[in-house]
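K.L.:
Turn this into a model:
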Amino acid sequence: MTLPPLPEFPAVTYVMPVLNEEDSLERAVLTILEQDYPGEKELVLALGPSRDASDKIAERLAAGEERVRIVRNPDRDIPAGLNRAIAAGRYDVIVRVDAHSELTPDYTRRGVEALRQHGVANVGGIMRAAGAGRVQRAIARGYNSPFGLGGGAYHGDGEPGPAESAYLGIFRREAVEAVGGYDPSILRGEDWELNLRLRRAGYLVWFEPALAVTYWPRASFGDLARQFFATGNWRAVLVRRYGRANPWRFFMPGALVLGLALSCVALILLVLRILPWASLWSLLLVPAAAYLLGIALATLQIRDQRGRRDRLLTAVALVTMHVTWGTGFLRGIVLGGGRVVDRSRV
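P.N.:
Below you'll find the predicted structure:
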């Protein structure tokens with residue numbers, strides 16, 4: 001699908017859904033306002049029903065900066081908030097941002113340059129997870145490792161080129177509107193789903209590794225588990241809807257959980273001597289043993305760890321990601337999406 005050419009520095013609309021982000025919202029907004037992009041800019045904040053001081057922070061920022069505007073998102077969900085912010089925006093280039101992410105100063109300039117150079121509908125870069133405490137840093141290591149999230153392009157380095165999806169994204173408005181915007185019925189994985197529809201409509205999605213975003217993940221294993229259970233559940237919804245359009249790696253956590261469950265049942269039956277140890281039944285322990293060995297080897301290969309405690313926390317982060325994502329996936333395959341939502345930031 002051919003898009004009309006853009007001027008050198010087109011005006012851009014940043015859209016940011018906000019829900020319970022009092023710790024990171026102001027910092028995220030400042031990285032947008034401080035972009036070294038010479039074109040005209042505006043930021044539309046879609047405020048969900050936060051239970052913290054997010055609304056007050058947003059209102060203070062909007063009162064002091066004419067480029068910041070607010071729309072209300074009573075539905076709470078990210079896709080609905082993004083659609084409301086896009087509808088309220090005035091400009092032809094849309095930059096999706098998150099309240100818990102920070103853009104590098106050249107992010108917009110480089111992204112718009114890639115949009116213009118390649119004539120694409122969406123450009124995304126690399127997500128670099130970061131952490132402040134030991135647990136959050138361990139979770140960030142899981143995000144940054146191919147052992148944690150399965151090696152998607154935007155979780156590591158790579159060559160520029162056509163991509164399956166994009167982290168956040170810098171979009172052409174006409175392309176987003178042509179495919180109907182974000183699907184409000186998809187409560188997680190909305191980025192992948194929108195990019196799939198863009199590609200099916202003949203548009204191109206582009207990976208540009210020169211773009212970098214700092215992402216602050218959940219800071220506790222409990223919050224990480226809630227997030228990944230919801231993510232796995234909604235990935236299953238996308239599998240039910242789009243089938244083989246989903247990459248094979250998204251099926252692996254569910255298969256892992258089934259294998260671990262089989263090993264656990266076998267271990268109980270062997271310990272209770274219901275099954276004999278000296279038999280082929282003991283081979284049912286292989287999935288769990290192989291997984292634990294894999295986690296140990298993966299943990300040893302991940303960088304930026306100091307001592308045994310860091311390695312242990314990294315291992316816990318990886319296991320939490322895999323098992324909760326896989327459990328959510330199996331739940332979604334059987335029962336569908338329902339009202340499973342990510343409440344880890346509540």
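K.L.:
what mean pLDDT does stretch 39-55 have?
P.N.:
Average pLDDT, stretch 39-55: 95.
K.L.:
For the stretch 1-150 of the chain, give me the ranges with low pLDDT.
P.N.:
150 (pLDDT under 70).
K.L.:
could you redo the last one with a cut-off of 80?
P.N.:
1, 149-150 (pLDDT under 80).
K.L.:
What are the boundaries of the strands in it?
P.N.:
Along the stretch 1-150 of the chain, counting by DSSP state E, counting those that start in this stretch, strands occupy 12-18, 41-47, 68-72, 93-96, 101-103, 122-129.
K.L.:
can I get the ones you listed in TSV with mean neighbour count?
P.N.:
Using the backbone N, CA and C atoms, a C-beta is placed for each residue, glycine as well. Shown next, in TSV, are those (neighbours: other CB atoms under 10 Å):
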stretch	mean neighbour count
strand 12-18	25
strand 41-47	24
strand 68-72	17
strand 93-96	25
strand 101-103	22
strand 122-129	24
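K.L.:
Relative to residue 195, which of those strands is closest?
P.N.:
strand 122-129 (6.3 Å; CB to CB).
K.L.:
Now tabulate the strands of the stretch 1-150 of the chain in JSON lines and tack on distance to residue 211.
P.N.:
Output for those, formatted as JSON lines (distance: least, CB to CB, whole Å):
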{"stretch": "strand 12-18", "distance to residue 211": "14"}
{"stretch": "strand 41-47", "distance to residue 211": "17"}
{"stretch": "strand 68-72", "distance to residue 211": "22"}
{"stretch": "strand 93-96", "distance to residue 211": "11"}
{"stretch": "strand 101-103", "distance to residue 211": "9"}
{"stretch": "strand 122-129", "distance to residue 211": "2"}
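K.L.:
Out of those, flag the one nearest residue 1.
P.N.:
strand 122-129 (11.9 Å).
K.L.:
what does stretch 233-242 rub up against?
P.N.:
186-189, 192-193, 196, 246, 250-251, 254, 325, 328-333, 336-338, 340 (CB atoms under 8 Å, 6 or more residues apart in numbering).
K.L.:
Recalculate using a threshold of 6 Å.
P.N.:
Stretch 233-242 has contacts (CB atoms under 6 Å, 6 or more residues apart in numbering) with 187-189, 246, 250, 328-329, 331-333, 337, 340.
K.L.:
Check these for burial and list the buried ones.
P.N.:
187-189, 246, 250, 328-329, 331-333, 337, 340 (16 or more other CB atoms under 10 Å).
K.L.:
got TSV for those residues, with pLDDT and secondary structure too?
P.N.:
Below are the buried ones among the contacts of stretch 233-242 laid out as TSV (pLDDT from 0 to 100; DSSP: H, G, I helix; E, B strand; the rest coil):
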residue	pLDDT	secondary structure
187	90	coil
188	89	coil
189	91	coil
246	89	coil
250	88	helix
328	97	helix
329	97	helix
331	97	helix
332	96	helix
333	96	helix
337	85	coil
340	81	coil
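K.L.:
Out of these, which is nearest to residue 140?
P.N.:
residue 188 (19.8 Å).
K.L.:
OK, contacts around the closest one?
P.N.:
Contacts of residue 188 by CB under 6 Å, 6+ apart are 230-231, 234.
K.L.:
hmm, 8 Å instead?
P.N.:
Residue 188 sits next to 230-231, 233-235, 341-342 when contact means CB under 8 Å, 6+ apart.
K.L.:
the helices in this protein, which residues?
P.N.:
Counting by DSSP state H, the chain has these helices, from start to end: 25-33, 54-64, 78-88, 107-118, 134-144, 146-149, 173-178, 190-200, 221-242, 252-271, 286-301, 307-335.
K.L.:
can you list the buried ones among the contacts of stretch 233-242 in CSV and add distance to residue 279?
P.N.:
CSV is the format used below for those (distance: CB to CB, whole Å):
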residue, distance to residue 279
187, 46
188, 43
189, 43
246, 38
250, 35
328, 34
329, 32
331, 33
332, 36
333, 32
337, 42
340, 40
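K.L.:
how about those residues, which pair is most distant?
P.N.:
Pairwise distances across the buried ones among the contacts of stretch 233-242 (CB to CB) peak at 18.0 Å, for the pair 246 and 340.
K.L.:
What distance do you get for the residue nearest to residue 50 when sequence neighbours are not counted to residue 343?
P.N.:
In space, and not counting its chain neighbours, residue 50 is closest to residue 20: 4.8 Å by CB to CB, 6 or more residues apart in numbering. Noted for residue 20: a distance of 9 Å to residue 343, by CB to CB, to the nearest Å.
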